[in-house]
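> could you look at this predicted model? Sequence included:
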Amino acid sequence: MRIGVVTFPGSLDDGDAARAVRLAGADAVRLWHGDPDLHNVDAVVLPGGFSYGDYLRCGAIARFAPAMESIIDAARGGLPVLGICNGFQILCEAHLLPGALTRNQHLHFRNRDQWLRVESADTAWTNTFQPGQEILIPVKNGEGCYVADQRTLDALEAEGRVVARYIRGNPNGSQRDIAAVTNEAGNVVGIMPHPEHAVEALTGPSLDGLGFFTSVLRALAGATAGASHAGGHQ
């Protein structure tokens with residue numbers, strides 16, 4: 001499987017995301033923000049960092065990058081896309097996910113290991129977890145406070161689209177302790193903490209983040225098997 005990792009001006013964690021992809025067992029394909037060609041990747045990761053220096057709003061300029069125009073179209077067609085931290089902000093700016101990420105309520109940058117509870121294992125990026133499973137991965141953000149209107153929040157809850165919540169403390173004031181959400185189809189996930197920083201025992205704090213990357217490989221393998229099975233009965 002080929003998983004694309006996009007590099008924007010100001011991306012910091014694209015190398016870490018690519019390493020996580022390789023550790024999960026896939027080929028990491030580096031994608032450049034100015035190139036609309038996705039090079040036949042099977043999924044895409046939008047990494048953390050400060051794309052375009054976070055000018056205007058976090059993710060607001062990156063949303064219009066040539067690569068993003070292709071990713072938006074492909075995501076609406078079913079391509080799995082994971083947005084991590086700044087990538088989550090970009091997905092919201094691109095309207096692939098609802099809501100917005102705003103300044104942390106306490107107005108401080110927060111960098112710490114954070115416990116999450118996985119709420120949904122029905123997405124392309126979380127199917128190797130169990131609902132209710134508690135995982136430990138780092139969080140590092142200054143604009144990580146997830147906000148949306150009450151109608152949107154209620155819809156996310158009712159439709160099972162809250163992917164993960166902060167537990168044992170909310171690091172940024174996100175409404176309803178939301179750390180990650182998904183679109184209606186379950187192929188697009190945005191998460192504020194950093195699973196790519198929890199994939200190796202050497203660096204810690206756990207191996208819990210690796211499940212996000214192995215999940216998409218399982219989802220892609222299932223889709224390929226399903227397509228082959230359907231083709232055999234035509």
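Done, it's in.
> so where's the protein uncertain?
Within the chain, the ranges that satisfy pLDDT under 70 run 224-234.
> just the strands in it please.
Residue ranges of the strands in the chain, as given by DSSP state E, are 2-7, 27-32, 43-46, 81-84, 100-102, 110-118, 134-141, 145-147, 162-166, 178-182, 188-191.
> the fourth one pairs with which strands, parallel or anti?
In the sheet, strand 81-84 lines up against strand 43-46 (parallel), strand 188-191 (parallel) (DSSP bridges).
> returning to that earlier point: columns distance to residue 13 and mean neighbour count on top of the strands of the chain, output as JSON lines?
Heads up, the C-betas are built off the backbone N, CA and C, glycines and all. Converted to JSON lines, these look like this (distance: least, CB to CB, whole Å; neighbours: other CB atoms under 10 Å):
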{"stretch": "strand 2-7", "distance to residue 13": "9", "mean neighbour count": "24"}
{"stretch": "strand 27-32", "distance to residue 13": "13", "mean neighbour count": "18"}
{"stretch": "strand 43-46", "distance to residue 13": "9", "mean neighbour count": "29"}
{"stretch": "strand 81-84", "distance to residue 13": "7", "mean neighbour count": "30"}
{"stretch": "strand 100-102", "distance to residue 13": "16", "mean neighbour count": "20"}
{"stretch": "strand 110-118", "distance to residue 13": "13", "mean neighbour count": "18"}
{"stretch": "strand 134-141", "distance to residue 13": "9", "mean neighbour count": "20"}
{"stretch": "strand 145-147", "distance to residue 13": "19", "mean neighbour count": "22"}
{"stretch": "strand 162-166", "distance to residue 13": "18", "mean neighbour count": "23"}
{"stretch": "strand 178-182", "distance to residue 13": "16", "mean neighbour count": "28"}
{"stretch": "strand 188-191", "distance to residue 13": "12", "mean neighbour count": "28"}
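> that older thread, could the strands paired with strand 81-84 go into JSON lines alongside distance to residue 2?
Formatted as JSON lines, the entries for those read as follows, by distance: least, CB to CB, whole Å:
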{"stretch": "strand 43-46", "distance to residue 2": "8"}
{"stretch": "strand 188-191", "distance to residue 2": "18"}
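> and the residue lying closest to residue 90 once chain neighbours are set aside, how many neighbours does it have?
Spatially, and ignoring its direct neighbours in sequence, residue 90 is nearest to residue 59 (3.8 Å; CB to CB, 6 or more residues apart in numbering). For residue 59, the count of nearby residues is 28 (other CB atoms under 10 Å).
> residue 89 is in contact with residue 59, correct?
Yes: when contacts are counted by CB atoms under 8 Å, residue 59 is listed as touching residue 89 (3.5 Å).
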